[in-house]
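Engineer: Here is a sequence with its predicted model. Questions after.
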Amino acid sequence: MRAAHSSDGAVRQRLRELLANGRLPAMAPMEIAAGYGHGRVCIACDQPVTQHEMEYEFNDPREDRQLSFHSACFLLFQSECVERASAAPGQRVDR
Ligand SMILES: [Zn+2]
């Protein structure tokens, strides 16, 4: 059996893994392009972003690689970044 749609929990789990192994930058960048999808696979849930869905994309500055997200998955990514930032004691950001 195959789940047609990933639940928030599964996407969060996947995002945590991608953040933990460095596949995703630990901070959401400031410059994000938003628009309708082009069928590219969302890195968070591994499902294509269709032409009828909003796609958020940004460049991973470390690899100059384009990352695509569904709008909902991007929000989860942002919230995981915030959680990670507040949970990592050695990486406190002073401002
Ligand atoms: Zn997604």
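Structural biologist: Nice, I can see it. Numbers count the residues shown, from 1 in each chain.
Engineer: Could you pull out the strands in the chain for me?
Structural biologist: Secondary structure of the chain, counting by DSSP state E: strands at 33-36, 54-60, 65-70.
Engineer: Out of the ones you listed, which is the most enclosed?
Structural biologist: Most buried of the strands of the chain by mean neighbour count (mean count of other CB atoms under 10 Å) is strand 65-70; its value is a mean of 20. C-beta: built from backbone N, CA, C; applies to glycine.
Engineer: Name the residues of this protein found near the ion, please.
Structural biologist: Residues of the chain found near the ion (CB under 5 Å from the ion) are 42, 44-45, 70, 73.
Engineer: I figured residue 43 was touching residue 65, is that so?
Structural biologist: No - if you go by CB atoms under 8 Å, residue 43 and residue 65 don't touch, sitting 9.7 Å apart.
Engineer: hang on, the earlier thing: please flag which of the residues of the chain next to the ion sit within helices.
Structural biologist: Using DSSP state H, the subset of these located in helices is residue 73.
Engineer: now the residues of the chain next to the ion in a markdown table, with pLDDT?
Structural biologist: Shown next, in a markdown table, are the residues of the chain next to the ion (pLDDT from 0 to 100):
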| residue | pLDDT |
| --- | --- |
| 42 | 97 |
| 44 | 96 |
| 45 | 95 |
| 70 | 97 |
| 73 | 96 |
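Engineer: Distance of the most centrally placed residue in the chain relative to residue 14?
Structural biologist: The residue lying closest to the centre of the chain (CA atoms, centre = their mean) is residue 77, at 4.1 Å. Counting by CB to CB, to the nearest Å, the separation of residue 77 from residue 14 is 10 Å.
Engineer: shared neighbours of these two, anything?
Structural biologist: Contact criterion CB atoms under 8 Å, 6 or more residues apart in numbering; residues shared by residue 77 and residue 14: residue 44.
Engineer: who are the neighbours in contact with residue 27?
Structural biologist: Per CB under 8 Å, 6+ apart, neighbours of residue 27: 81, 85.
Engineer: Could you pull up phi and psi at it?
Structural biologist: Residue 27 adopts backbone torsions of phi -130, psi 130, taken as degrees, to the nearest 10.
Engineer: Contact partners for residue 28?
Structural biologist: Contacts were defined as CB under 8 Å, 6+ apart; by that measure residue 28 touches 58, 74, 77-78, 81.
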